[in-house]
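Visitor: this one's sequence-less:
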């Protein structure tokens, strides 16, 4: 049964298989992977995982221009199926286009409801952090993501040009604890 787990160096080989399913160099929403990250070696991947875990630690100031962010991997056993991220607050760019939550499912695992289930869990987690509503966006032409967001209570605020294309911006009320 698929579940969300914190990033772990233990799944290096499986994470690389998921990355290769996307294609090397392809942007993966919600993964935290940046062009400067070296993930092919054991040491490079361990540094990448440490970076992801550090970004969620509120006792460590975020890098300039960034916000605290918690990452999870969608897994079934040891197979990495995707990732999802919750940004704890919004900066100007996130408010315009990126939103609080970003997610992606590897191509071979799509169409099985993974993104919707993960999104529901992360919305609940956001509520536990005291975030009363989250902004979730998707590319204008991404109908699968639009449906996922709307099934999770997303209310369309608008469609904007993000500088990288048009995005739909949705607000979702969280179950604040």
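Guide: Structure's in. What do you need? None of these values were measured; they are calculated from a predicted model. Residues are numbered from 1 along each chain as shown.

Visitor: show me the helices in this structure, by range?
Guide: 12-22, 42-55, 92-93, 114-128, 143-151 (DSSP state H).

Visitor: for residue 73, find the nearest of the ones you listed.
Guide: Of all the helices of the chain, helix 12-22 sits nearest to residue 73, with 7.4 Å by Cβ to Cβ. No exception for glycine: its C-beta is placed from N, CA and C like everyone else's.

Visitor: what mean pLDDT does the closest one get?
Guide: Averaged across helix 12-22, pLDDT comes to 96.

Visitor: what comes up buried for that helix?
Guide: 12, 14, 15, 18, 19, 21, 22 (16 or more other Cβ atoms under 10 Å).

Visitor: cool, and stretch 82-94?
Guide: Buried, per 16+ other Cβ under 10 Å, within stretch 82-94: 82, 83, 84, 85, 86, 87, 88, 90, 94.

Visitor: looking at those, which two lie furthest apart in space?
Guide: Most distant of those, by Cβ to Cβ, are 82 and 90, 22.7 Å apart.

Visitor: shaky segments in this structure?
Guide: 176-177 (pLDDT under 70).
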